[in-house]
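Asker: kindly generate the corresponding structure for this input.
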Amino acid sequence: MSRNLELWTFLRHRRFTLAIGLASGAVFGCSSGSSANQTTASGGASLGGFANGGAIANPGGAPNGGTGLSPGGALGVSGTSGLASGGTLGNGGAITPGAGGSAGSAGNGGTLGAGGAASAGAGGTAGSSGGSAGASGGAGGAPPTTKLDPGTGPWPVVMPSDVASVCKLDASKLMAAETSLNVPWAVFRYGKLCYQHNATNFAAAEAWSTTKTLGATVAGAVAYQTRNMMKKGVKTGPFSDQDRVDQWLTTFTYNKDAHVAHVLAMVAQNTNLALGQKTMTYDTVGTTQINSISDMLNAAISQDTTNLTANLETFTQKFIYTPLGMKNSVWSSGGVTKTFAYTWSTDLMDMARIGTLLMHGGMWNGNRIVDGDWVYKMTHPSFEDANTGYGYLTWLNSASNYTFGGLTAAIQPGANGKYQGAYSPGPCAPVAIFKTHPHGLSDSPDCNYSAPYTCAQQMYDVGVFNAVGYMGQIIQVHPALDLVLVARNVEPGSIGADATKSVWDAIRPAVIAGDPKYKGDETSFCKDYGGNAYAPDL
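Answerer: Here you go, the predicted model:
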């Protein structure tokens, strides 16, 4: 109700006319009193399915924001009734996009029907077609329509009495999880801090190998910021995962034919990088290969010290810490040369920001931080023949033929020395399978699963991924649920290989009990969610 009131006040002061289609938390179809103006939706509110920073094109105008739009593009807005031309009103408030129309007249289609949530469709061209609607929240406490984050401010905290309605979680089961998971942890959903146990009192401390995922994220930001640079020889041009390492480094100790992708996947140490000939060996302290990424990135940044800053430390501050509002993070004591294997001192709040950035495909507060393609490669298998459970310095939920790279876990490997049966965090979670094969530098013809597991196309590409550190430092991301779990010291005295499962096992009952479809039915939930067939918040 408060969101509707704030939105109504904003619209009234801007001389907007609220048209048709209020459905408990969603506003559809606004018509402007001025045909030339454009209004940008920002903050936590969503207008007809726009993400933060997305723009609404008023009659006669074109959208002014490519970033922050929900998948599908801009929503065509009529200058008269606020409904797309040809749109009809039914019981509820769900928008089903139709074919695009011209901006300034109407988007053709746009049926309002029962339900309350708007579905994303194939988009139209900004300024020339009405486009399609983005996802939208509807009646009955539906999730937010946009992918929300806290911007540069603190995490919005959900009151205990509102956890069920706002976060779709069972507060009593979260409270019970404090016993089974009696370490600092927190649950973030829909861009809010939904629940925490000893998390806000946890001071920044070494997060060990979760640093690896931070490092891959920073590398992706360097790739994005250098994307338009001209290549004039070695150590020039865009930084890319497809580059040979010798494009950026003069000397290094691993395979001389290695590419950056091989290093990010921890396979560059192999003498033979051909299909079926390489293995993934976990680079625990980074001295085998991954720490060399620091020198690559410093070389790329040095091409433009005016815009990209002087070095990797100041780059990270400008392009990661500052826009994400990360106020409690220090990497490698603030030094210019970074240890990619560990040395990230941080708290749970900043850990959750990295997880949320990746969950939202590299977007934050309506701005592109990392290219979506880079994030996809981070969170999907890099080289399936070596490890189906590892992306770019990030662990993945896999069902077959994965390895912990020499680390030990409670689960036992199969006859081929690799593991079978999902474990990170387990079978009640979707697996990460690359959408096409072969892909990039991977020559694998398929996902490399063994029977009874299959590479058959999953309904939803929403595999769970994790940043995992020594003694159980965890960032666990569930894209299908818009859910980020963070925890510290889950397994003191251990390498932490089993911590991802422990965290999901503790929090999952609260998720299932609060799920509007399954309502506590764990068997059915796990069958569908674990089978990549349920993604309510995608």
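Asker: ranges for the helices of the stretch 151-300 of the chain?
Answerer: Per DSSP state H, counting those that start in this stretch, the stretch 151-300 of the chain carries helices over the ranges 171-180, 210-225, 260-264, 293-301.
Asker: same check, this time on the stretch 401-538 of the chain
Answerer: With DSSP H, counting those that start in this stretch as the criterion, the stretch 401-538 of the chain has helices at 499-514, 522-529.
Asker: what's the closest of the helices of the stretch 151-300 of the chain to Pro438?
Answerer: Pro438 sits nearest to helix 260-264 of all the helices of the stretch 151-300 of the chain, at 12.8 Å, using C-beta to C-beta. All C-beta atoms are positioned from the backbone trio N, CA, C, and that covers glycine.
Asker: hmm, who's touching that closest one?
Answerer: By C-beta atoms under 8 Å, 6 or more residues apart in numbering, the surrounding residues in contact with helix 260-264 are 216, 219, 239-245, 248, 254-255, 268, 273, 289-290, 292-293, 296, 377, 382-383, 392-393, 440-441.
Asker: mind listing the strands for the stretch 351-500 of the chain?
Answerer: Counting by DSSP state E, counting those that start in this stretch, the segments of the stretch 351-500 of the chain that form strands are 363-364, 367-368, 395-396, 400-402, 419-420, 465-469, 473-478, 483-487.
Asker: mind giving me the packing neighbours of the fifth one?
Answerer: Using 3 or more C-beta pairs under 8 Å, 6 or more residues apart in numbering; DSSP states H and E as the contact definition, the elements that strand 419-420 packs against are strand 400-402.
Asker: what is the strand it packs on packed up against?
Answerer: Counting by 3+ C-beta pairs under 8 Å, 6+ apart, strand 400-402 packs on strand 419-420.
Asker: centre of the chain to the strand it packs on, how far?
Answerer: Remark: strand 419-420 is offset 26 Å from the chain centroid, using C-alpha atoms, centre = their mean, to the nearest Å.
Asker: what strands flank that strand, and is each parallel or antiparallel?
Answerer: Strand pairing for strand 419-420, using DSSP bridges, gives strand 400-402 (antiparallel).
Asker: how distant is the strand it pairs with from the center of its chain?
Answerer: 23 Å.
Asker: so Pro238 is in contact with Lys232, correct?
Answerer: No - judged on C-beta atoms under 8 Å, Pro238 makes no contact with Lys232 at a distance of 11.8 Å.
Asker: what residues are up against Glu178?
Answerer: Residues near Glu178 by C-beta under 8 Å, 6+ apart: His197.
Asker: what sits up against stretch 504-520?
Answerer: Stretch 504-520 has contacts (C-beta under 8 Å, 6+ apart) with 140-141, 164, 167-171, 173-174, 176-177, 180-181, 185, 187, 195, 425-426, 428-429, 464, 476, 481, 483, 485, 521-522, 524-525, 528, 534, 536.
Asker: actually stretch 159-167, not the one I wrote
Answerer: 141, 158, 169-171, 174, 187, 189-190, 192, 194-195, 514.
Asker: against Val503, how distant is Val183?
Answerer: To Val503, Val183 is 9 Å away according to C-beta to C-beta, to the nearest Å.
Asker: from Cys167, how far off is the residue nearest to Cys455 when sequence neighbours are not counted?
Answerer: Leaving aside its sequence neighbours, Cys455 sits nearest to Cys447 (C-beta to C-beta, 6 or more residues apart in numbering; 4.0 Å). Between Cys447 and Cys167 the computed distance is 33 Å (C-beta to C-beta).
Asker: I'd say Leu485 and Val503 touch.
Answerer: Yes - Leu485 is in contact with Val503 according to C-beta under 8 Å; the separation is 5.5 Å.
Asker: shared neighbours of those two, anything?
Answerer: Joint contacts of Leu485 and Val503 (C-beta under 8 Å, 6+ apart) are 185, 474, 476.
Asker: correct me, but the first one touches Gln476?
Answerer: When you say that, I think you mean Trp185. No - Trp185 lies out of contact with Gln476 (C-beta under 8 Å); the separation is 10.0 Å.
Asker: so how far is Gly362 from the closest residue in space to Leu358 that isn't next to it in sequence?
Answerer: Nearest residue to Leu358, sequence neighbours excluded (C-beta to C-beta, 6+ apart): Val375, at 5.6 Å. Here Val375 is placed at a distance of 5 Å from Gly362 (C-beta to C-beta).
Asker: and for those two, which residues touch both?
Answerer: Common neighbours of Val375 and Gly362 (C-beta under 8 Å, 6+ apart) are Gly220.
Asker: the two - which one has more neighbours?
Answerer: Each of Val375 and Gly362 has its neighbours counted (other C-beta atoms under 10 Å); Val375 has more, 25 against 22.
Asker: surely the more buried one is in contact with Gly355?
Answerer: No - shown here, Val375 and Gly355 do not form a contact pair, counting by C-beta under 8 Å, at 11.6 Å.
Asker: just the mean pLDDT for stretch 254-270, thanks.
Answerer: In this model, stretch 254-270 has an average pLDDT of 98.
Asker: restrict it to CA atoms and write it as CSV.
Answerer: Provided in CSV are the C-alpha atoms of stretch 254-270 (Å, rounded to 0.1, in the frame of the first residue of the first chain):
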residue,chain,number,x,y,z
TYR,A,254,51.8,-22.5,-17.2
ASN,A,255,50.9,-23.7,-20.7
LYS,A,256,52.3,-21.2,-23.2
ASP,A,257,49.2,-21.7,-25.5
ALA,A,258,46.8,-21.0,-22.7
HIS,A,259,44.0,-18.4,-23.1
VAL,A,260,42.6,-16.3,-20.3
ALA,A,261,39.5,-18.6,-20.1
HIS,A,262,41.8,-21.6,-19.3
VAL,A,263,43.2,-19.6,-16.4
LEU,A,264,39.8,-18.6,-15.1
ALA,A,265,38.7,-22.3,-15.2
MET,A,266,41.9,-23.5,-13.5
VAL,A,267,43.0,-25.8,-16.4
ALA,A,268,45.9,-23.7,-17.8
GLN,A,269,48.5,-25.9,-16.0
ASN,A,270,47.8,-28.8,-18.3
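Asker: rewinding a little: minimum distance to Ala499: which of the strands of the stretch 351-500 of the chain has it?
Answerer: Taking these one by one with C-beta to C-beta, strand 473-478 is closest: 5.3 Å.
Asker: packing partners of the closest one?
Answerer: helix 210-225, helix 348-359, strand 465-469, strand 483-487, helix 499-514.
Asker: ok so, going back, which one of Leu485 and Val503 has more residues nearby?
Answerer: Taking other C-beta under 10 Å, Leu485 and Val503 do not tie; Leu485 has more neighbours (29 against 25).
Asker: excluding covalently adjacent residues, which one is nearest to that one?
Answerer: Gln476 (4.3 Å).
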